[in-house]
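Undergrad: how would this look folded up:
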Amino acid sequence: MKAAEVLTPEGLDFVLSMMEGLSSARSLSVAILVRHCEWTQLAMMEIEPKHYDDGELFWRDNVATELFRKCESLPSKLNLPQKALDSFFESEHACHRTNLRLESLFYGWSDPSYNENLSSLVARIREKIQEWIGAGPPTIYGRFGPGATMSDSSRACTVPDKMSSSPTITEDAWPNLVSWSETKWASAVIKRTAASPQYSGVTVIKGNSFFTVPKSAKALRGCCKEPSINAFYQRGLGVSLGKRLKRIGFDLKDGQETHRKWARYASLTGEYSTIDLSSASDTVSKSLVKLLLPPRWYRALSELRSPKTKVDGRWVHLEKFSSMGNGFTFELETLLFGAIAQVVSGSSPGIDLFVFGDDIIVPTKASDDVLAALRYFGFTPNKRKTFVDGWFRESCGGDYFRGVRVRAHNMEVLPSEPQHYISLANGIRRACKGHDGEVIPSRWAMLKRAWMKVLDCIPIHIRFCRGPAELGDIVIDDSESHWVVRTRSSIRYVQVYRPATNRTVRWSDFDPEVQMAAALYRVRRDFWGNLIPRDSVTGYRVGWVPFS
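TA: So this is what the prediction gives:
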């Protein structure tokens, strides 16, 4: 496949101009690979920060390396669906080994690796978790998440859609039917079942269903669609856990900015290490959760988890506790990693210990012990994203080398439409900025020519849609002197290129009982009261948005 068949002539010109501007051995390699259509090699290319002692040289090589790494439409010889399946079963095998090892702690089997120190560690982690979240969960109030379920496709998963489909639930989750029967959702289901004999009502199923979403040019991310009633109460438990975690210092809503700040500080001083885990949620084993959580919390979570996953047409009994797609997985893994790291390091959450999912920041002096504990409990540190020495640190999207921001731009799709080129232009400009948000002149000098070539690919009338970086990719990030603005009623408006939402669902399409039930929940609606489903963007158009 020729380069011109993958990239437009303008796109190829931009890539070569960008690599020429970066002017490094790595950028030359990328240019050669692009010219010779070596897309698989581009997808597999990686960079090792510890091989650098010059932050700006690392930035140049990083920008070149990362450009195509997450491009989901990049043609390659990799069988990504098969890789995703292989990863699923590898994680299951890992969880199986962990379950066997940890079950010895329950049943008194001989385990050579188990000793008094480990016994004390497990006991202290248990105590810490109970101190943080209490002996048991409060009354569980269900929450609707935005995603698909076993009852609802991704194109029909608004709240009224979920209330109109046949609800699904696993056998172990039946105790939650008591509280669910008191909801307006249940009332709507009962009335519809009585009125329509073909409507099946609540259906008991074996578990969830495996699917994939794009992750990078060389991998797909495995997720699972949960039964709808399970998902409703999973999210409720997740919210409850999140509130308790926030009280002790783990902010799962706004914590990413805190992680980036501490990653920068760590790159300057070396006092902290940033840890990332491979397939973190898929390697939280059943025995680990049973071992560390208070019995009432474990029982509540266990009732709502899916015990099986439908993979490639067959049901697989799960060794993991929960997967991506489960409404409490993110909060649960934060709790487990935070407790393990806190007990091992002696650090304090929100002061010198930060955990956001599987992004972990701990004092460097304790990092080896924390990593050893995580390995024992079944987790594998991601070597490419774990940094305990050197001058580079990364956490929650913040990449820093000796305090200087070195984050590159990942092109997620091969550009072909104006919105793609706007995103690409903004990514190039963002890569040229320091931690303070200001463009670094030396970097801009290298990439401005490539940036201009990207703008040349945008129709002239859209090219005038320039504005502040805070508006994201509905404008071309540029200095204020280039903005197109107008003022009405003392409000300043900026010209933008924004998504046009043409695919809506009329509220009146649903039964009256569903309308009444859904009105009690937050429902995303447009100006005319219509529902806005996921993936509702059908085009883009020039418009105006207020910006003070």
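Undergrad: just confirm Val494 is within a helix.
TA: No - counting by DSSP: H, G, I helix; E, B strand; the rest coil, Val494 is not found in a helix; it is strand.
Undergrad: doesn't Trp483 make contact with it?
TA: Yes - here Val494 reaches Trp483: they are 5.8 Å apart, a contact under Cβ atoms under 8 Å. Any C-beta I mention is one placed from the backbone N, CA and C, and that applies to glycine too.
Undergrad: assign Lys310 to helix, strand or coil.
TA: strand.
Undergrad: shaky segments in the stretch 401-548 of the chain?
TA: Where the stretch 401-548 of the chain drops to pLDDT under 70, the residues are 501-504, 522-530, 532-538.
Undergrad: which parts of it are helices?
TA: Ranges of helices in the stretch 401-548 of the chain, per DSSP state H, counting those that start in this stretch, are 418-431, 441-456, 460-463, 512-518.
Undergrad: now render these as a markdown table, adding distance to Lys70.
TA: Below are these laid out as a markdown table (distance: least, Cβ to Cβ, whole Å):
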| stretch | distance to Lys70 |
| --- | --- |
| helix 418-431 | 11 |
| helix 441-456 | 18 |
| helix 460-463 | 25 |
| helix 512-518 | 36 |
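Undergrad: so which of these is the most packed in?
TA: Mean neighbours per residue, mean count of other Cβ atoms under 10 Å, is largest over the helices of the stretch 401-548 of the chain for helix 418-431, with a mean of 22.
Undergrad: same for it, what does it pack against?
TA: In terms of contacts (3 or more Cβ pairs under 8 Å, 6 or more residues apart in numbering; DSSP states H and E), helix 418-431 is packed against helix 441-456, strand 476-477, strand 491-501.
Undergrad: okay, now the sheet partners of the last one, with direction.
TA: In the sheet, strand 491-501 lines up against strand 485-488 (antiparallel), strand 537-546 (antiparallel) (DSSP bridges).
Undergrad: likewise the second one?
TA: Using DSSP bridges, strand 476-477 pairs in its sheet with strand 466-467 (parallel).
Undergrad: residues contacting the partner strand, please?
TA: 474-478, 482-484, 494-496, 547 (Cβ atoms under 8 Å, 6 or more residues apart in numbering).
Undergrad: pull the distance from it to the chain's centre.
TA: What separates the centre of strand 466-467 from the centre of its chain is 28 Å, taken as Cα atoms, centre = their mean, to the nearest Å.
Undergrad: can you check stretch 266-275 too?
TA: Mean-position distance between stretch 266-275 and its chain equals 23 Å (Cα atoms, centre = their mean).
Undergrad: what's the answer for stretch 330-340, then?
TA: 16 Å.
Undergrad: distance to Ser165 added to the helices and strands packed on helix 418-431, as CSV?
TA: Output for the helices and strands packed on helix 418-431, formatted as CSV (distance: least, Cβ to Cβ, whole Å):
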stretch, distance to Ser165
helix 441-456, 43
strand 476-477, 42
strand 491-501, 23
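Undergrad: related to what we said a few turns ago, and the strands paired with strand 491-501: which comes nearest Glu10?
TA: strand 537-546 (18.8 Å; Cβ to Cβ).
Undergrad: hey, C-alpha coordinates of that closest one in PDB?
TA: In PDB, the C-alpha atoms belonging to strand 537-546 read as follows (Å, rounded to 0.1, in the frame of the first residue of the first chain):
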ATOM      1  CA  VAL A 537     -23.000  14.000  15.900                       C
ATOM      2  CA  THR A 538     -23.800  13.800  12.300                       C
ATOM      3  CA  GLY A 539     -21.800  16.800  11.000                       C
ATOM      4  CA  TYR A 540     -20.200  20.100  11.700                       C
ATOM      5  CA  ARG A 541     -21.000  23.700  11.000                       C
ATOM      6  CA  VAL A 542     -19.700  27.200  11.600                       C
ATOM      7  CA  GLY A 543     -21.400  28.900  14.600                       C
ATOM      8  CA  TRP A 544     -20.800  31.100  17.600                       C
ATOM      9  CA  VAL A 545     -20.300  30.400  21.300                       C
ATOM     10  CA  PRO A 546     -20.000  32.800  24.200                       C
END
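Undergrad: identify all contacting residues around it.
TA: Against strand 537-546 from outside (Cβ under 8 Å, 6+ apart): 417-419, 461-462, 465, 471, 474, 486, 491-503.
Undergrad: now swap in stretch 173-180 and tell me
TA: For stretch 173-180, using Cβ under 8 Å, 6+ apart, the contacting residues are 139-140, 142, 169, 186, 202, 204, 227, 229-230, 232-233, 303-304.
Undergrad: how far does it stretch from start to finish?
TA: 11 Å (Cα to Cα, to the nearest Å).
Undergrad: list the buried residues in that stretch.
TA: Across stretch 173-180, burial judged by 16 or more other Cβ atoms under 10 Å covers 173, 176, 180.
Undergrad: so how far is Ala194 from the last one?
TA: Read it as Trp180. 17 Å (Cβ to Cβ, to the nearest Å).
Undergrad: picking up where we left off before, quick one: closest of the helices of the stretch 401-548 of the chain to Ala25.
TA: Of all the helices of the stretch 401-548 of the chain, helix 441-456 sits nearest to Ala25, with 14.9 Å by Cβ to Cβ.
Undergrad: who are the packing partners of that closest one?
TA: Counting by 3+ Cβ pairs under 8 Å, 6+ apart, helix 441-456 packs on helix 9-22, helix 55-66, helix 418-431.
Undergrad: how about a markdown table for those, with distance to Gly350 added?
TA: Formatted as a markdown table, the helices and strands packed on helix 441-456 follow (distance: least, Cβ to Cβ, whole Å):
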| stretch | distance to Gly350 |
| --- | --- |
| helix 9-22 | 39 |
| helix 55-66 | 29 |
| helix 418-431 | 28 |
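Undergrad: which of the ones you listed sits closest to Ser281?
TA: helix 55-66 (24.0 Å).
Undergrad: list the buried residues for whichever helix or strand comes after that closest one?
TA: Going down the chain from helix 55-66, the next helix or strand is helix 80-107, by DSSP states H and E. Neighbour counts over helix 80-107 (16+ other Cβ under 10 Å) mark 80, 84-85, 87-88, 91-92, 94-96, 98-99, 101-103, 105 as buried.
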